[in-house]
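**Student:** just need the structure, nothing else, for what follows:
(4 chains)
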2 protein chains.
Amino acid sequence: MAASIIDVARAVGVSPSTVSRALRGRDGVSDELRVRIIAVAADLGYTASRNASSLASGRTCSIGVLAPYVGRWFFGTVVDAAERVFSAAGYDLLLYNLGSVDSRKRFFAELPVRKRVDAILSLLIPTGDEAERLRSLGIPLAITVGGPRPGFTTVGIDDRAGAELATRHLVNLGHRRIGRIGTRPSAPLYWTTPDLRRRGYLDVLVDAGIPHDPDLEADGEYTVEGGERAMTRLLTAVRPPTAVFAESDEMAMGALRALRAHRLRVPEDIAIVGFDDHELADVVGLTTVAQPVAEHGTQAASLLLRLLRDDTDVPDHVELPTHLIVRNSTAPHRGSLHGDIE
Amino acid sequence: MAASIIDVARAVGVSPSTVSRALRGRDGVSDELRVRIIAVAADLGYTASRNASSLASGRTCSIGVLAPYVGRWFFGTVVDAAERVFSAAGYDLLLYNLGSVDSRKRFFAELPVRKRVDAILSLLIPTGDEAERLRSLGIPLAITVGGPRPGFTTVGIDDRAGAELATRHLVNLGHRRIGRIGTRPSAPLYWTTPDLRRRGYLDVLVDAGIPHDPDLEADGEYTVEGGERAMTRLLTAVRPPTAVFAESDEMAMGALRALRAHRLRVPEDIAIVGFDDHELADVVGLTTVAQPVAEHGTQAASLLLRLLRDDTDVPDHVELPTHLIVRNSTAPHRGSLHGDIE
DNA sequence: CGCACTTGCGCAAGCGTTTGCGTTCGGTTG
DNA sequence: CAACCGAACGCAAACGCTTGCGCAAGTGCG
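**Tutor:** The predicted model follows:
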């Protein structure tokens, strides 16, 4: 059986309380005794039981992370980055995969994190009710997607401006029939900020005096398959687009696949611009709006730690930069005379 | 403050022990009382504190997952799949990202999972010492990569056979100068089975009567960048390969990038075959050896659950199938007359 | 030299559950 | 009808730690 704090205490000849204080750096222990205790503890291979210690202290030294789907590059990257920060600070990471409607419902109904975590990092946007449930826990909360939100610390990007970047790029290339594939808040589990990327897209169209054509918009899941299906739908329009803004790189890659299936060339026949700067966007030559994905995790995690330390002046929103990366999936519109004048 | 079991007990007018038994489905409680207790508990929004309950019962209802890098597609997918199984069974998932030498060392030195998890799922191959430490925990252990291993339940593929599949494909296409990019056990943190994929590659070469040329092998990290660097190195050889077997799709994609940088066409100038069937392998048209990645997680998680249930006849190794998927990154060797005769 | 502090440590009461055992009580048995 | 038994429930002791408080010895000061 693993050694307990009592074993250590007995071995040193002191009380358990002294061992506890010594090991956790609290004062009230002489230096000489402390080193002896530490040595004995190491010798016995003693590690404090987190359960017992959190029961007693009320602190759990773990953070709950809510993700819709760790398998997806974006979330995996964020979780990875956050974990580094947390583990460096001595916190463990409890991962909850809330991708399905079921698991998500169950989670918010039972709230298994209650009394189990010191803070929560959500990579999904809670609904109003869900947010209320989370707030009821009375612990620091952070969200890495979507805009500022009362009761939550948020880190994110300016989705609208990012989408404008992408769309304007296409406009500048001479495109007029610009499609959009993305997600609308219709789905029960959509996770991006309601419509913000779409708004950016629409803004630029208006700005450029391009009439809006609903046939040029297609929604689906934020996945390769979702993008593929959405793109396929766009292609069946009476007048298909000459360029498409995909709200995520994974959707953009799905679009690429659909285009290949239809024997259309990119960017000659159709230009594509994505969003995120996926690890492999470079490999497939995808023009995209880059955002510092890992930074989402790093920042959010750091903010939570500061909150846990009762730091003052912890900002409640951090905005990360975006910028356009032009690769080979976009080119001037054929039949258009002006190039990209950006 | 959240309701405790005592609050529930008082509200119903029974003892805490009865509440505990009622809520956890133990018998010794009349049906009528049980429903009343359940109702009151729900009403009060009571959730048992996992900490207290695991302290008392010795069961933690959580599983530790060791991953080298959740951000990588392979691991993210496995973790995701495993999480679904665990959470469905009421287990929480404690994620430990052991990608860096530091974090890995610290983890095995302190073993923070001690008394914190009921079982461990490792996505990395522990060294001898590390394995020893894990075994000392006295809990069920599973590994999703690498072959059978005493003291561990393993699920994996036949790496050697998979590599043979890939290499033979290239041989059959008429290639004779076949390169390999992958990882050798030289690195302190390599995670694939020592050399098995390489062995498969070598086997086929011997079989085909192709002399081995060390200049055609390049090792690096299992990442896009690693693959890119390795490929670049191969290209600087006196006589570069006409085909390359990459030990992972991510490396293969890196190779693709390197080739594009060198203005070489795939598959005309160089054929590439990868390993894993990455989500995006399809998008880039990569020929690859497919393995059911999510299945690694699902299977391993299920096996652990069975072990925790004290099931009998739990196999200690499950082998998953692999198969070759031919796409556009491979083609017959130019100047070679015979096509793929597979 | 007496006083008030400080320092270093032990005591013991939790923290919120689970669980072995004991008790009560209505209902079989022989 | 006594003896017995199982069902239903309460008691209290863990589980392994933290921490407020108390106490003794040592320190500085006037």
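
**Student:** distance check, residue A:104 against DNA strand D.
**Tutor:** 32 Å (C-beta to the nearest atom of the strand, to the nearest Å). In short, each C-beta sits where N, CA and C put it, glycine included.

**Student:** CA atoms of the worst-scoring helix or strand of chain A on mean pLDDT as PDB?
**Tutor:** In chain A, no helix or strand scores lower on mean pLDDT, DSSP states H and E than helix A:101-110, which sits at a mean of 89. Presented in PDB, the C-alpha positions along helix A:101-110 are these (Å, rounded to 0.1, in the frame of the first residue of the first chain):
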ATOM      1  CA  VAL A 101     -26.300  16.300 -27.500                       C
ATOM      2  CA  ASP A 102     -26.600  13.500 -25.000                       C
ATOM      3  CA  SER A 103     -23.300  14.000 -23.300                       C
ATOM      4  CA  ARG A 104     -23.800  17.700 -23.200                       C
ATOM      5  CA  LYS A 105     -27.200  17.400 -21.600                       C
ATOM      6  CA  ARG A 106     -26.000  15.000 -19.100                       C
ATOM      7  CA  PHE A 107     -23.100  17.100 -18.100                       C
ATOM      8  CA  PHE A 108     -25.100  20.200 -17.400                       C
ATOM      9  CA  ALA A 109     -27.800  18.200 -15.700                       C
ATOM     10  CA  GLU A 110     -25.500  16.400 -13.300                       C
END
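
**Student:** list the buried residues of it.
**Tutor:** Within helix A:101-110, the residues that count as buried by 16 or more other C-beta atoms under 10 Å in any protein chain shown are A:103, A:104, A:106, A:107, A:108.

**Student:** likewise for stretch A:45-61?
**Tutor:** A:46, A:47, A:48, A:49, A:50, A:51, A:52, A:53, A:54, A:55, A:60, A:61.

**Student:** chain center to the least confident helix or strand of chain A: distance?
**Tutor:** 20 Å (C-alpha atoms, centre = their mean, to the nearest Å).

**Student:** counting contacts, what elements does it pack onto?
**Tutor:** If you count contacts as 3 or more C-beta pairs under 8 Å, 6 or more residues apart in numbering or on different chains; DSSP states H and E, helix A:101-110 packs onto strand A:92-97, helix A:128-135.

**Student:** what's the most buried one of those?
**Tutor:** strand A:92-97 (a mean of 24; mean count of other C-beta atoms under 10 Å in any protein chain shown).

**Student:** restrict the buried residues of helix A:101-110 to those near DNA strand C?
**Tutor:** For DNA strand C, no contacts are drawn from the buried residues of helix A:101-110 by C-beta under 7 Å from any atom of the strand.

**Student:** got TSV for those, with distance to residue A:122 too?
**Tutor:** As requested, the buried residues of helix A:101-110 are exported to TSV (distance: C-beta to C-beta, whole Å):
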residue	distance to residue A:122
A:103	14
A:104	11
A:106	16
A:107	11
A:108	11
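
**Student:** which one among these gets closest to residue B:168?
**Tutor:** residue A:103 (42.1 Å; C-beta to C-beta).

**Student:** residue A:9 contacts residue A:23, correct?
**Tutor:** No - taking C-beta atoms under 8 Å as the definition, residue A:9 is not a contact partner of residue A:23, at 10.7 Å.

**Student:** got the residue ranges for the strands in chain A?
**Tutor:** A:62-67, A:92-97, A:119-122, A:141-143, A:153-157, A:178-182, A:217-219, A:243-246, A:271-276, A:287-290, A:317-320, A:323-325 (DSSP state E).

**Student:** so which elements touch the third one?
**Tutor:** In terms of contact count using 3+ C-beta pairs under 8 Å, 6+ apart, strand A:119-122 is assigned the packing partners strand A:62-67, strand A:141-143, helix A:293-308.

**Student:** partner strands of that strand, with direction?
**Tutor:** strand A:62-67 (parallel), strand A:141-143 (parallel) (DSSP bridges).

**Student:** give the burial count for the closest residue to DNA strand D within the stretch 151-300 of chain A, as a bare number.
**Tutor:** Relative to DNA strand D, the nearest point of the stretch 151-300 of chain A is residue A:153 (24.3 Å; C-beta to the nearest atom of the strand). Neighbour count of residue A:153, defined by other C-beta atoms under 10 Å in any protein chain shown: 24.

**Student:** repeat for the one 3 residues further on
**Tutor:** Counted by other C-beta under 10 Å, the residues lying close to residue A:156 total 22.

**Student:** do I have it right that it meets residue A:320?
**Tutor:** Yes - A contact is recorded between residue A:156 and residue A:320 when judged using C-beta under 8 Å, the distance being 6.8 Å.

**Student:** what residues are shared contacts of these two?
**Tutor:** residue A:296 (C-beta atoms under 8 Å, 6 or more residues apart in numbering or on different chains).

**Student:** which of the helices and strands packed on helix A:101-110 has the lowest average pLDDT?
**Tutor:** Sorting those by mean pLDDT places helix A:128-135 lowest, at a mean of 92.

**Student:** who does that helix touch, helix- and strand-wise?
**Tutor:** Using 3+ C-beta pairs under 8 Å, 6+ apart: helix A:128-135 touches helix A:101-110.

**Student:** what about 7 Å?
**Tutor:** Packing partners of helix A:128-135 (3 or more C-beta pairs under 7 Å, 6 or more residues apart in numbering or on different chains; DSSP states H and E): none among the helices and strands.

**Student:** so it versus helix A:101-110, what angle?
**Tutor:** Orientation check (axes from the mean of the first three to the mean of the last three C-alpha atoms, to 10 degrees): helix A:128-135 against helix A:101-110 gives 50 degrees.

**Student:** can you list contacts of helix A:128-135?
**Tutor:** A:108, A:111, A:120, A:126, A:141, A:151 (C-beta atoms under 7 Å, 6 or more residues apart in numbering or on different chains).

**Student:** and those, which is closest to residue B:217?
**Tutor:** Using C-beta to C-beta, the contacts of helix A:128-135 come closest to residue B:217 at residue A:120, 47.0 Å.

**Student:** identify the residues contacting that closest one.
**Tutor:** Per C-beta under 7 Å, 6+ apart, neighbours of residue A:120: A:64, A:66, A:113, A:134, A:139, A:141.

**Student:** between which two of the residues you listed is the distance greatest?
**Tutor:** Distance extremes for those: the farthest pair is A:66 and A:139 at 13.0 Å, using C-beta to C-beta.

**Student:** which one of those two has more residues nearby?
**Tutor:** residue A:66 (23 against 20).

**Student:** quick one: residues contacting the closest residue to DNA strand D within the stretch 201-342 of chain A.
**Tutor:** Here the residue of the stretch 201-342 of chain A nearest DNA strand D is residue A:308; by C-beta to the nearest atom of the strand that distance is 13.7 Å. Residue A:308 is in contact with A:118, A:119, A:140, counting by C-beta under 7 Å, 6+ apart.

**Student:** ok, back up a step: may I see the buried residues of stretch A:45-61 organised as JSON lines, with distance to DNA strand D and pLDDT added?
**Tutor:** Converted to JSON lines, the buried residues of stretch A:45-61 look like this (distance: C-beta to the nearest atom of the strand, whole Å; pLDDT from 0 to 100):
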{"residue": "A:46", "distance to DNA strand D": "7", "pLDDT": "92"}
{"residue": "A:47", "distance to DNA strand D": "7", "pLDDT": "91"}
{"residue": "A:48", "distance to DNA strand D": "4", "pLDDT": "92"}
{"residue": "A:49", "distance to DNA strand D": "4", "pLDDT": "92"}
{"residue": "A:50", "distance to DNA strand D": "8", "pLDDT": "91"}
{"residue": "A:51", "distance to DNA strand D": "7", "pLDDT": "92"}
{"residue": "A:52", "distance to DNA strand D": "3", "pLDDT": "94"}
{"residue": "A:53", "distance to DNA strand D": "3", "pLDDT": "94"}
{"residue": "A:54", "distance to DNA strand D": "8", "pLDDT": "93"}
{"residue": "A:55", "distance to DNA strand D": "4", "pLDDT": "93"}
{"residue": "A:60", "distance to DNA strand D": "11", "pLDDT": "93"}
{"residue": "A:61", "distance to DNA strand D": "10", "pLDDT": "93"}
